Every structure is written in structure tokens, then in C-alpha cells.
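**Q** For reference, the sequence and a predicted model appear below.
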Amino acid sequence: MLELKNLSFNVENGEGIIEIVDDINLYMEDGEILVITGPNGGGKSTIAKLIMGIEKPTSGQILFDGVDITDMSITERAKLGIGYAFQQPPKFKGLTVKKLLNLAAGRKVDEEVCCRYLSSVGLCSKEYINREIDSSLSGGELKRIEIASLMARNPKLAIYDEPEAGIDLWSFSMLVNTFENFSKINNQGIIIISHQERIINLADRIVLISNGKIQNQGSKKNILPILKGDINRGCGCNGREVTATHESKY
Ligand SMILES: Nc1ncnc2c1ncn2[C@@H]1O[C@H](COP(=O)(O)OP(=O)(O)OP(=O)(O)O)[C@@H](O)[C@H]1O
């Protein structure tokens, strides 16, 4: 489904070139759930932005279903079936939740179906369906509406950047179940960037990113003990000091 070949993304600051993503090679099967994890600033979101076309790689290639999409725009990639839920979702003043779900699905969606999408992220449809997506929504509400809209869009490959951020434990549990069911029912490929053990537990494969490189990848059985070991020692996987930012991290 997705292949990253020698993918790199560099930026220049006053002192020289910084390798944000450094020669990544990654292959993902149809319908696979891939969880990307690792210390803050390791390059996870940048990899997602490169796949989506929000950033352009300095070198390397991105293939989707065998097609080279490296130079394609965000819109072209979206048409091919790649969807992305941002770490910090945008607001759309003047647009209601119902209209957003219709736009995402690309058709008129029955209220009952809209309700199902909203319920799957722990939102009561009646309260939210006619709300505007503006700054009156809390961060957690906005995040859940964005996740519901990506579910309505149902792309072949869905990328979620830290879906747990700002979401309460009750809604988070629903979300975890929803990801699992969605992948099974729709054979959807899902990339989730996350620090949460419950999300990591959904993974067919875990990819550990640090310092812009893949430090390790494999099954839960192989990678979770490595993650737990690193956190217990208070170190990132490359030995750099890290701070656990969430109580249930790993
Ligand atoms: N366009 C850019 N210019 C300069 N620095 C950048 C740019 N994009 C990303 N960075 C830096 O690259 C590093 C990796 O950022 P990225 O957002 O990919 O990390 P992350 O692994 O997703 O982190 P987190 O877990 O905190 O979300 C960070 O230090 C970030 O500040």
C-alpha cells in the first residue's frame, strides 16, 4: 500500500542543516495498523506531513499503491485515498458539524449516519450536529469532530496524529474500539502517531522513531518491552533524556 524509500527532510537554520527525517525506509500493507511512537521532537508528525504532502521531502520517494506520489499535491493524494487528522485541528467558522461530515463523505449523509460517526468518538449527536466548527468548541471536542470527519471520509489510508491529545478517558476508550473496528470492517490502512499504550496495543506493527530515524520496528511483543525499558531508565531510545508527558504513557 504505502512505501517510503530513503525519505529525508532537512531544514537549514543559521548554524547548518538539521536532519528532521533521516533516510527512512518503511513498507505498509493494505489494512495494516501501524503505530508510530517515540520521544517528542523525533520526527513523527513530519513523516505524516510528508506522506500527506504538507511538507516536501528533500530526497527520497513515496509510493502509494505502486504510484510515485512524491511530487503530487495534497489534493491529488487525498483523491488517491490518503486522509490525515491533524495534531491540532483547524477551525472552520461558518461550517456546521453536519456540513463538514457531508463534505468529508463526499455525499449527503443521513442524520442517523452522522450520529453514528459522532457517537463513535464519544459526542452526543443532538448537541453537536448543528454546531459551528469555531472557537466555541473545546480542544477535545474539535479533535473528536476532526476524527469523526476522517471516519466519514473513509480513505484507503487514514493517518491520525496523536488522537488521544486532549481527549478524556471515557471518549478515549470509545476511540480505541472505533479504530480497531474500522480497520477490520473497511480493511483500511491506519497510521496512528501516539504515545499511549492502549493505542500501541492496537498495532499490527510498531515503528519507533527518534532523531529522525527508525530506531526499531516490529510486533507489540518485541517492541513494547523495549519502550517500557527505555521509559523506566528515563531515557529516549537514543539515550537522550526524555520526560514522560502523560501518566499512562507506555
Ligand atoms: N519546517 C521546520 N523547520 C524547522 N524545524 C522543524 C520543521 N518541522 C519540524 N521541525 C522540528 O523537527 C523536529 C521534529 O518535529 P515533529 O513535529 O516531526 O516531532 P514529533 O516526533 O512529532 O514530536 P511530538 O511527539 O512532540 O509531537 C522538532 O524539533 C521540530 O521543531
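**A** Thanks, I have the structure now. Computed from a predicted model, the values in this text were never measured in an experiment.

**Q** use CA for all of it now, contacts and neighbours both
**A** Noted.

**Q** Quick one: the helices in the protein, in order.
**A** For the chain, the helices defined by DSSP state H cover 44-52, 74-80, 97-105, 111-120, 125-128, 139-153, 169-186, 197-200, 220-232.

**Q** count of neighbours near Glu146?
**A** When neighbours are defined as other C-alpha atoms under 10 Å, Glu146 has 28 of them.

**Q** what do you get for Met28?
**A** 17.

**Q** what's across from it in the sheet?
**A** With DSSP bridges as the criterion, Met28 is bridged to Leu2.

**Q** same question, Ile206
**A** Under the criterion used (DSSP bridges), Ile206 bridges to Val35, Gly218.

**Q** what's near enough to touch it?
**A** 34-37, 200, 217-220, 223 (C-alpha atoms under 8 Å, 6 or more residues apart in numbering).

**Q** Between these, which sits nearest the ligand?
**A** For those, the residue nearest the ligand by C-alpha to the nearest ligand atom is Thr37; the value is 7.7 Å.

**Q** per-residue pLDDT, that closest one?
**A** pLDDT, Thr37: 95.

**Q** count of residues packed around it?
**A** By other C-alpha under 10 Å, 23 other residues sit near Thr37.

**Q** cool, and Asp65?
**A** Asp65: 12 neighbours (other C-alpha under 10 Å).

**Q** so how far is Thr70 from the residue most central in space within the chain?
**A** For the chain, the residue nearest the mean C-alpha position is Tyr160 (1.9 Å; C-alpha atoms, centre = their mean). Distance, Tyr160 to Thr70, by C-alpha to C-alpha, to the nearest Å: 20 Å.

**Q** This protein against the ligand: which residues are in contact?
**A** 11, 20, 39-46 (C-alpha under 6 Å from any ligand atom).

**Q** Need the max-distance pair from those.
**A** The most widely separated members of the residues of the chain next to the ligand, counting by C-alpha to C-alpha, are Val11 and Pro39 (19.6 Å).
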